[in-house]
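J.: Sequence plus the predicted model coming up.
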Amino acid sequence: MAKEHETGNGKIVARYTASIARRIHAARLFATALLFIGVVLASVLCSGAAAAPNTARLSSQVAPPRIIPAPVSLRRISGSTFALQRSSRIVVAAKASKALPVARYFASILHRSTGYPLSISRGSAKSSRHDIAFYLSGPASLGKEGYQLDVTKTSVRLGARTPEGLFRGVQTLRQLFPAKVESSKRQSGPWQLPGVQIVDHPRFSWRGVHLDVARHFFSVADVKRLIGLLSLYKVNVLHLHLSDDQGWRIQIDSWPNLTTIGGSTEVGGGPGGYYTKDDYSAIVSYAASRYMTVVPEIDSPGHTNAALASYPELNCNGVAPPLYTGWDVGFSSLCISKEVTYNFMDNVVSEISALTPGAYFHIGGDEAQSTTPTDYASFVNQAQQIVQGHGKKMIGWVPGIEAATLVSGSVGEYWAPGADSTTWEGTGSARAAVAKGVKLILAPANRSFLAIKYNPQTRLGFNWSGYIEAKDSYQWDPGSYISGISAGDVLGLEACLWSETFETMEDIEYMTFPRLPALTERGWSPAKGRSWSEFRLRLAAQAPRWRVMGIKYYRSPQVSWK
């Protein structure tokens with residue numbers, strides 16, 4: 001190194017000897033090499049999917065964006081940043097008219113925050129400069145929900161085989177934009193996207209969230225907000241727990257007292273509430289616009305005190321019990337021997353199924369401790385026939401429904417209580433259900449029950465299955481969670497929001513985030529290459545987006561939120 005070095009007072013240091021200069025020059029070269037290696041390693045450690053060699057590739061040592069769920073394949077393209085302009089359009093390929101609703105949805109998100117008009121045009125999938133193009137084509141490997149995304153300096157091209165796949169791709173696009181794109185008010189730019197090539201599709205077909213509106217009632221507006229938040233992380237099922245001991249939450253014309261009496265209270269004695277058929281249809285329609293299927297649940301034969309209080313004839317002794325506002329379980333049961341019980345179930349399933357286009361109807365079936373095993377099996381067998389008679393497939397909780405004679409197409413939802421549900425004796429129930437040809441949805445209580453506390457200081461929820469931090473929700477594999485059950489026996493997973501202690505939307509958000517993104521990645525992304533140390537970096541990167549969206553999230557100490 002021949003340059004002279006100035007001291008603080010500006011004086012010139014004496015010239016270095018030639019030998020010292022050569023040594024310093026060599027040392028600087030060595031330090032430069034170390035710095036280069038450090039940059040490459042940092043890119044790998046901080047990348048959204050770099051921990052998975054088979055699911056992400058780096059280009060020019062540039063770290064990929066921090067996307068959740070991690071895509072199957074992501075290649076970062078150096079020097080190809082795309083900038084959205086006021087003149088940019090969303091171009092829908094001429095043969096992709098079914099993509100128009102997704103294009104309008106995306107345009108509305110961009111318009112409210114950027115102020116750009118974002119006109120929607122029909123034309124070639126080869127978009128013009130600064131345009132975003134949607135097209136419906138691609139390899140069969142993309143499946144129903146897969147997509148491929150190419151972002152270059154001049155354009156964005158998003159393709160899928162179905163509108164649903166395009167919608168999942170839009171959620172990735174949203175995460176590529178700066179967090180302020182989620183603002184409900186106009187923000188200043190620039191609105192840039194990193195250059196990427198992504199090919200993506202889900203591992204499991206069922207990535208659900210269960211919402212209990214029976215213990216505490218939540219309005220249509222609350223449910224719609226939740227649907228919007230869930231869709232960002234590619235959730236595709238909303239499981240609504242519509243009845244329990246504490247409340248009946250949906251209008252049934254043939255049994256009107258279910259809502260006027262059974263829907264009149266909730267845990268703690270609040271006013272309760274219920275959805276009219278129009279309300280429920282609005283939820284179903286809104287969910288469908290986000291490519292989310294609603295699965296209704298009417299818990300039976302236990303968890304039925306609200307129904308029993310509404311109609312004396314549903315009780316074996318013909319006497320209606322008082323309404324219940326606590327949170328004990330296992331004390332109620334429909335009268336299994338009465339014919340009116342099955343007339344009741346047939347009417348309820350019929351009216352709700354007529355409003356619900358999805359393929360499934362959930363009959364509950366858990367904690368039926370006031371029903372004898374023989375009566376329980378008899379009830380589930382008959383309920384299964386009723387559900388099938390109305391064109392649906394039955395879902396029921398496991399442990400529980402595996403005690404009945406199940407038919408092909410029925411599904412078990414395994415909730416596995418206990419601090420260590422992988423060794424809990426109830427796993428035998430899951431294997432028994434699979435042996436009968438039943439597919440499973442996994443909702444293990446010590447991984448995905450969002451009513452379980454984060455730690456002893458959490459003001460909401462319970463700790464009967466331990467505590468669930470963000471890391472606990474992430475570090476498990478649905479495909480190998482239960483010994484003896486393969487990934488092929490698993491439809492997917494579900495996060496459960498039991499609402500005994502939840503009264504507001506803020507309560508729901510606080511207990512949902514950051515655990516939900518951890519769970520949805522387990523349902524969407526490939527099993528191999530996942531690590532908590534890498535995921536927590538991507539999770540931290542979501543926080544600015546949540547703040548813009550007004551999400552009241554839990555700042556887990558396991559995550560460096562800065």
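T.: On my side now, so go ahead.

J.: now the end-to-end length of stretch 95-105.
T.: For stretch 95-105, the first and last residues are 19 Å from each other (CA to CA, to the nearest Å).

J.: ok now it, how far from the chain's centre?
T.: From the chain centre to the centre of stretch 95-105 is a distance of 23 Å (CA atoms, centre = their mean, to the nearest Å).

J.: what do you get for stretch 164-171?
T.: Taking CA atoms, centre = their mean, one finds the center of stretch 164-171 at 14 Å from the center of the full chain.

J.: Please list the outside residues in contact with that stretch.
T.: Contacts to stretch 164-171, defined as CB atoms under 8 Å, 6 or more residues apart in numbering, come from residues 99, 102, 105-106, 134, 136, 138, 142-149, 158-160, 200-202, 231-234, 290-291. The way it works is simple: take the backbone N, C-alpha and C, and place the C-beta from them, glycine included.

J.: For Cys165, grab the count of nearby residues.
T.: Let me fix one detail, which is that residue 165 is Gly and not Cys. For Gly165, the neighbour count with other CB atoms under 10 Å is 27.

J.: hmm, back to that, just the buried residues of the contacts of stretch 164-171.
T.: In those, burial by neighbour count holds for 99, 102, 106, 134, 136, 138, 142-143, 145-149, 158-160, 200-202, 231-234, 290-291, counting by 16 or more other CB atoms under 10 Å.

J.: Please narrow the contacts of stretch 164-171 to those residing in helices.
T.: Secondary structure assignment (DSSP state H) places Val102, Tyr105, Phe106, Ser231 from the contacts of stretch 164-171 within helices.

J.: what residues are up against the second one?
T.: Which is Tyr105. With contacts defined as CB under 8 Å, 6+ apart, Tyr105 is in contact with Phe167, Val170, Ser289.

J.: need the contact list for the closest residue to Ser184 other than its chain neighbours.
T.: With CB to CB, 6 or more residues apart in numbering as the measure, Arg112 is the residue that lies nearest to Ser184, at 5.9 Å, once sequence neighbours are left out. Residues in contact with Arg112, defined by CB under 8 Å, 6+ apart, are Ser183, Ser184, Lys185, Arg186.

J.: ok, which stretches of the stretch 51-200 of the chain are strands?
T.: Residue ranges of the strands in the stretch 51-200 of the chain, as given by DSSP state E, counting those that start in this stretch, are 73-76, 82-83, 90-93, 120-123, 131-136, 147-151, 155-160, 192-193, 196-200.

J.: Restricting to C-alpha, output the first one in PDB.
T.: What that stands for is strand 73-76. Presented in PDB, the C-alpha positions along strand 73-76 are these (Å, rounded to 0.1, in the frame of the first residue of the first chain):
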ATOM      1  CA  SER A  73     -37.900 -22.400  -5.500                       C
ATOM      2  CA  LEU A  74     -36.700 -18.900  -5.300                       C
ATOM      3  CA  ARG A  75     -33.900 -17.300  -7.400                       C
ATOM      4  CA  ARG A  76     -32.800 -13.700  -6.700                       C
END
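
J.: List the residues that contact the residue most central in space within the chain.
T.: For the chain, Val235 is the residue whose C-alpha lies nearest the centre (CA atoms, centre = their mean; 3.7 Å). Contact partners of Val235, counting by CB under 8 Å, 6+ apart, are Arg207, Gly208, Val209, Met292, Leu516, Thr520.

J.: roughly how far out does stretch 486-497 sit from the chain middle?
T.: Counting by CA atoms, centre = their mean, stretch 486-497 is centred 12 Å from the centre of its parent chain.

J.: Export it to CSV, keeping only CA atoms.
T.: This file holds the C-alpha atoms of stretch 486-497, laid out as CSV (Å, rounded to 0.1, in the frame of the first residue of the first chain):
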residue,chain,number,x,y,z
SER,A,486,-47.3,-41.0,6.8
ALA,A,487,-47.6,-37.7,5.1
GLY,A,488,-49.9,-39.3,2.6
ASP,A,489,-52.5,-39.9,5.4
VAL,A,490,-52.5,-36.2,6.3
LEU,A,491,-54.6,-33.6,4.5
GLY,A,492,-52.9,-30.8,6.3
LEU,A,493,-53.0,-28.8,9.5
GLU,A,494,-55.2,-26.3,11.4
ALA,A,495,-54.6,-23.5,13.9
CYS,A,496,-57.3,-23.4,16.5
LEU,A,497,-58.7,-20.2,18.1
